[in-house]
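Trainee: below: sequence and its predicted model.
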Amino acid sequence: MKKLFWLLTIGYAFLMTSCMSNGDPDPAATEKLKQNEAAVKKYITDNNLAVQQHSSGFYFQINNSNPSGRVPVVGDLSSINFVIKNLAGTIVDSSRVNQKIAYDYIFGAYNSVFNYPLSIMRVGDKGKFIFPQLQSNGDPVIIEIELLNTLTENENIDKYIATKYPQLSFTKTSTDLRFAITSANPSGESLTSGKKVSLKYTGKLLFEMRKVDANNKLYYDAQFDANTMDFTVGANLTIRGFEEGVARMKVGEKAVFIFPSNIGYSSGGSVNQTTGVYVIPPYASLQFEVEVVSVK
């Protein structure tokens with residue numbers, strides 16, 4: 001399962017080129033790709049598929065076209081159904097792992113095999129995409145995919161709040177921060193600039209990312225952090241959305257604040273420096289549940 005997860009988060013264009021360290025073509029890799037191309041063309045002929053070939057090298061067929069559907073834009077949260085198979089028809093992976101029906105990811109945020117199909121799809125489209133090679137010296141792969149929906153960050157934030165917090169009244173600021181007090185303390189000390197406060201917090205994405213546990217099994221989780229911290233108000237040592245949210249609180253209060261990536265980790269995201277894996281993807285909207293414990 002670990003390899004399958006890796007396949008979903010790497011770039012197809014990179015893998016179509018297999019070279020030796022000195023930049024010269026690897027004869028074995030070149031021959032393998034040639035064999036894969038021949039196998040793909042035979043599959044297309046044997047199954048009488050009316051496919052087109054993309055400039056990147058993969059083949060595709062849009063089965064159910066929706067000309068009026070919305071086109072994904074970089075930074076959109078896109079929801080898809082997918083099945084990945086080999087040419088023999090054996091399922092390698094699908095969006096139904098762990099009973100999940102749809103797979104959500106941020107389109108164009110990082111290298112993902114799904115970027116290629118979605119770049120030529122609209123919401124409501126279904127298609128078949130045949131890749132001669134997705135990993136160095138790998139075999140051909142077929143991806144059947146349906147684009148269910150695609151939302152901008154602010155559209156997704158509004159939908160998330162309406163679904164998850166229908167009972168809360170959020171204030172929206174000029175920076176698009178959404179802020180709601182969940183446990184008020186009107187007599188608590190205000191957090192003015194320079195105050196040092198102790199916080200408890202939990203950070204979550206607004207969608208569940210696929211992750212791999214210690215046993216190499218896939219699971220889904222939105223949480224990326226939960227901890228305590230000492231925080232100096234106005235020091236600008238954290239992301240802008242978090243700074244702005246905390247500054248609106250008082251000692252003893254709890255709050256939820258949700259904000260888009262332009263006041264979060266922007267187009268760079270946040271990467272685990274040890275594993276190289278994104279903890280927070282680029283263009284990710286964030287939610288924080290915060291409690292102000294004390295002030296110094």
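Mentor: Cool, got the structure.

Trainee: can you map out the strands along the stretch 1-150 of the chain?
Mentor: 52-53, 59-64, 77-85, 91-94, 103-106, 126-131, 141-151 (DSSP state E, counting those that start in this stretch).

Trainee: out of those, which is the most enclosed?
Mentor: Across the strands of the stretch 1-150 of the chain, averaging neighbours per residue (mean count of other C-beta atoms under 10 Å) puts strand 103-106 on top, at a mean of 23. Where you see a C-beta, it was placed from the backbone N, CA and C, and this is true even at glycine.

Trainee: can I get stretch 133-144 in PDB, CA atoms only?
Mentor: Listed next in PDB are the C-alpha coordinates belonging to stretch 133-144 (Å, rounded to 0.1, in the frame of the first residue of the first chain):
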ATOM      1  CA  GLN A 133       4.600   4.200 -17.400                       C
ATOM      2  CA  LEU A 134       4.100   5.800 -14.000                       C
ATOM      3  CA  GLN A 135       7.300   4.800 -12.200                       C
ATOM      4  CA  SER A 136      10.700   4.000 -13.600                       C
ATOM      5  CA  ASN A 137      10.700   0.600 -15.200                       C
ATOM      6  CA  GLY A 138       7.000   0.200 -14.200                       C
ATOM      7  CA  ASP A 139       4.200  -1.300 -16.100                       C
ATOM      8  CA  PRO A 140       1.300   0.500 -17.900                       C
ATOM      9  CA  VAL A 141      -1.500   1.800 -15.700                       C
ATOM     10  CA  ILE A 142      -5.200   2.600 -16.500                       C
ATOM     11  CA  ILE A 143      -7.000   5.200 -14.400                       C
ATOM     12  CA  GLU A 144     -10.800   5.500 -14.700                       C
END
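
Trainee: tell me the pLDDT of residue 66.
Mentor: Predicted confidence (pLDDT) for residue 66: 86.

Trainee: who are the contact partners of the residue nearest the centre of the chain?
Mentor: In the chain, the C-alpha nearest the mean C-alpha coordinate belongs to residue 105, at 3.4 Å (C-alpha atoms, centre = their mean). Residue 105 makes contact with 77, 78, 80, 112, 114, 207, 281 under the criterion C-beta atoms under 8 Å, 6 or more residues apart in numbering.

Trainee: run the last query once more with 7 Å
Mentor: 78, 112, 114 (C-beta atoms under 7 Å, 6 or more residues apart in numbering).

Trainee: of all those, the one with the weakest confidence?
Mentor: In terms of pLDDT, the lowest of the contacts of residue 105 is residue 112, showing 86.

Trainee: which intervals of the stretch 101-250 of the chain have sub-threshold pLDDT?
Mentor: The model of the stretch 101-250 of the chain has pLDDT under 70 over residues 101.

Trainee: how much space between residue 93 and residue 32?
Mentor: Using C-beta to C-beta, to the nearest Å, we find residue 93 at a distance of 22 Å from residue 32.

Trainee: ok, residue 80 next?
Mentor: Taking C-beta to C-beta, one finds residue 80 at 29 Å from residue 32.

Trainee: and for residue 259?
Mentor: For residue 259, the distance to residue 32 equals 47 Å [C-beta to C-beta].

Trainee: one more: residue 198?
Mentor: Residue 198 sits 58 Å away from residue 32 when distances are taken as C-beta to C-beta.

Trainee: tell me the contacts of the residue lying farthest from the centre of the chain?
Mentor: Most distant from the centre of the chain: residue 187, at 40.7 Å, with distances by C-alpha atoms, centre = their mean. With contacts defined as C-beta under 7 Å, 6+ apart, residue 187 has no neighbours.

Trainee: thanks a lot, see you next time.
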